[in-house]
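need coordinates for the following:
(one chain, ligands or ions: 2)
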Amino acid sequence: MDVTISQSRVEGRVRAPPSKSYTHRAILAAGYGDEAVVSDPLVSADTRATMRAVEAFGGSVDRSGDDARLEIEGFDGRPEVPDDVVDCANSGTTTRLVTACGALADGLCVFTGDDSLRSRPQGPLLDAIDQLGGRAESTRGNGQAPLVVGGDTGGGRVSIPGDVSSQYITALLMAGAVTEEGIEIDLETELKSAPYVDITLEVLRDFGVEAERTAEGFTVPGGQSYDPTGGEYAVPGDFSSMSYLLAAGAVAAADGEAVVVEGARPSAQGDSAIVGILESMGAAVEWDREAGEITVPRASLSGTTVDVGDTPDLLPTIAALGAVADGDTVIENCEHVRYKETDRVSAMAEELEKLGASVTEERDRLTVHGGESDLVGARVDGRADHRIVMSLSVAGLVADGDTVIEGGEHVDVSFPDFFDALESLGVDVERAE
Ligand SMILES: O=C(O)C1=C[C@@H](OP(=O)(O)O)[C@@H](O)[C@H](O)C1
Ligand SMILES: C=C(OP(=O)(O)O)C(=O)O
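Ligands and ions are numbered 1, 2, ... in the order given. Predicted coordinates for the structure are as follows:
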């Protein structure tokens, strides 16, 4: 679907969608348990993939009502061998988290997904399962899905790199809790995307599961059960999704007006760093943490330097902001951002250039030379990647004329109502099937 964004001013209140990361974990945690309710979940293409996997392992997910509550019956620590191949669609989180779960099954599970998913790295997780005595293979022998996993793994000690994906650690911690022995994880390198493991530790704690950081990495004792306090788990708002709304306010709020984003209660999400990043670029952001509201008026932005080691999903947003700001915006420590739905470092460099921005791409650094020329509307490729689509939409608010973004439907992965949210803020959005 092509989406056309016209140069627009924005104002008003908008609610952030629930967190994708928390929703995935809560659904799977409920699956590992006996039964639980997940309230305020994100229902999107990616989280539906995790729901399907829980069902494939023998659980059930009741979405009746208005999707405000998921009633989940779990498989109680013993995943069944799925009747069929499990389709993880576009979701890296689903793939990694359910792969470790599949290693507990008494038989073989097959996990696959779309073209993008089947090009993402899974090798270190397969190797870890192998170290635990399970069976884990890539059908093409290239460390990518389709994956065949099983072996009734009982736990143990693994050594794994931390600089490819933190999701491997999350996957092992979640599965390790229901193994006999538990799992000790030794990190071979520095951990990238570390706050996502903090989210995992928070969700595990809320489901009554003990796990912790150690000098070498992480540890989770075995023989535990998943059971949230009061049988219910509430998902907080998503700061990665919020980043587009906040950026929209900073680049395009009407004179004397602001964008107010609701659902912004503090949590373990590293992507709440977007607030400080906007401030460092000159925006007068106000965050009422108790009310969970962030207010952003338009600002004359200037370039900044950001290390995205902890916050890879903010790279596209920061790159779009950099294209509007004056001076250089330097995004450092970003090699792992190349292993996402697409290579987001290249994708943002190439697509922002189509809008007239000047960008220098290096393996581990992206520099956007803002202020050299005004952005001009053009046809850009969303690369079938929700975050590229949403970030280019932010740039489109400022570009002179119309910006046509190909593949707008991919926002369904994490923020299905994204274009409705923009419209509610006053953006002129046209969707062509
Ligand atoms: O665990 C999670 O919920 C996520 C971890 C991050 O991935 P990596 O750990 O692969 O960097 C992030 O990019 C992704 O969107 C969600
Ligand atoms: C990389 C992302 O998700 P996943 O790894 O789950 O595909 C994302 O949402 O930006």
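
please list the residues of this structure that sit near ligand 2.
Residues of the chain lying near ligand 2 by C-beta under 6 Å from any ligand atom: 46, 91-93, 313, 340-341, 387, 414. For every residue, glycine as well, the C-beta is placed using N, CA and C.

apply 5 Å and report the result again.
By C-beta under 5 Å from any ligand atom, the residues of the chain that approach ligand 2 are 91-93, 313, 340.

which one of those has the most neighbours?
Taking other C-beta atoms under 10 Å as the neighbour criterion, S91 ranks highest of those with 28 neighbours.

can you show me the strands along the stretch 301-433 of the chain?
Assigned by DSSP state E, counting those that start in this stretch, the strands in the stretch 301-433 of the chain fall at 305-307, 327-332, 358-362, 365-370, 379-381, 402-406, 429-432.

list the neighbouring strands of the first one plus their orientation.
Going back to what we said before, that points to strand 305-307. Using DSSP bridges, strand 305-307 pairs in its sheet with strand 327-332 (parallel).

buried ones in the partner strand?
Using 16 or more other C-beta atoms under 10 Å as the test for burial, strand 327-332 gives 327-331.

picking that back up, out of the residues of the chain next to ligand 2, list just those in helices.
Assigned to helices by DSSP state H, the following of the residues of the chain next to ligand 2 qualify: 92-93.

any idea which of the residues of the chain next to ligand 2 is closest to Y22?
Nearest to Y22 out of the residues of the chain next to ligand 2 is T93 (C-beta to C-beta; 10.8 Å).

could you dump the residues of the chain next to ligand 2 into CSV with pLDDT added?
Formatted as CSV, those follow (pLDDT from 0 to 100):
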residue, pLDDT
S91, 98
G92, 98
T93, 98
D313, 98
K340, 97
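
ok, back up a step: Serialize the strands of the stretch 301-433 of the chain to CSV and add fields for mean pLDDT and distance to ligand 1.
CSV is the format used below for the strands of the stretch 301-433 of the chain (pLDDT from 0 to 100; distance: least, C-beta to the nearest ligand atom, whole Å):
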stretch, mean pLDDT, distance to ligand 1
strand 305-307, 98, 14
strand 327-332, 98, 14
strand 358-362, 98, 19
strand 365-370, 97, 16
strand 379-381, 98, 20
strand 402-406, 98, 20
strand 429-432, 96, 25
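
pick the most deeply packed of these.
Across those, the average number of neighbours (mean count of other C-beta atoms under 10 Å) peaks for strand 365-370, which reaches a mean of 22.

what's it packed up against?
Packing partners of strand 365-370 (3 or more C-beta pairs under 8 Å, 6 or more residues apart in numbering; DSSP states H and E): helix 315-324, strand 327-332, helix 344-354, strand 358-362.

show me what that strand pairs with in its sheet, parallel or antiparallel.
Take DSSP bridges as the rule and strand 365-370 pairs in its sheet with strand 327-332 (antiparallel), strand 358-362 (antiparallel).

which one of the ones you listed lies closest to G370?
Short answer: strand 327-332, nearest of the strands paired with strand 365-370 by C-beta to C-beta, at 5.8 Å.

list of residues touching that closest one?
With C-beta atoms under 8 Å, 6 or more residues apart in numbering as the test, strand 327-332 has contacts from 281, 302-308, 315, 318-319, 321-322, 364-371.

could I get the strands of the stretch 301-433 of the chain as JSON lines with distance to V285?
As requested, these are exported to JSON lines (distance: least, C-beta to C-beta, whole Å):
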{"stretch": "strand 305-307", "distance to V285": "15"}
{"stretch": "strand 327-332", "distance to V285": "17"}
{"stretch": "strand 358-362", "distance to V285": "25"}
{"stretch": "strand 365-370", "distance to V285": "19"}
{"stretch": "strand 379-381", "distance to V285": "27"}
{"stretch": "strand 402-406", "distance to V285": "25"}
{"stretch": "strand 429-432", "distance to V285": "25"}
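
out of those, nearest to L147?
Of the strands of the stretch 301-433 of the chain, nearest to L147 by C-beta to C-beta is strand 379-381, at 28.6 Å.

which residues touch that closest one?
Strand 379-381 is contacted from outside by 351, 354-355, 392, 403-407, using C-beta under 8 Å, 6+ apart.

one step back: check the residues of the chain next to ligand 2 and tell me the two furthest apart.
Between all members of the residues of the chain next to ligand 2, the farthest pair (by C-beta to C-beta) comes out as S91 and D313, at 13.5 Å.

next helix or strand past the helix or strand where D46 lies?
D46 is part of helix 45-56, with elements assigned from DSSP states H and E. Next helix or strand after helix 45-56 toward the C-terminus (DSSP H and E): strand 60-62.

quick one: distance of the following helix or strand past that following strand to the chain centre.
Next helix or strand after strand 60-62 toward the C-terminus (DSSP H and E): strand 69-73. Relative to its chain's centre, strand 69-73 lies at 22 Å (C-alpha atoms, centre = their mean, to the nearest Å).

thinking again about what came up before, and the angle for the helix holding D46 with strand 69-73?
Angle, helix 45-56 to strand 69-73, by axes from the mean of the first three to the mean of the last three C-alpha atoms, to 10 degrees: 30 degrees.

show residues contacting helix 45-56.
By C-beta under 8 Å, 6+ apart, helix 45-56 touches 20, 23-24, 27-28, 30-31, 41, 60-61, 63, 70, 72, 74-75, 80, 82-84, 86-91, 93-94, 97-98, 101, 109, 113, 412-414, 416.
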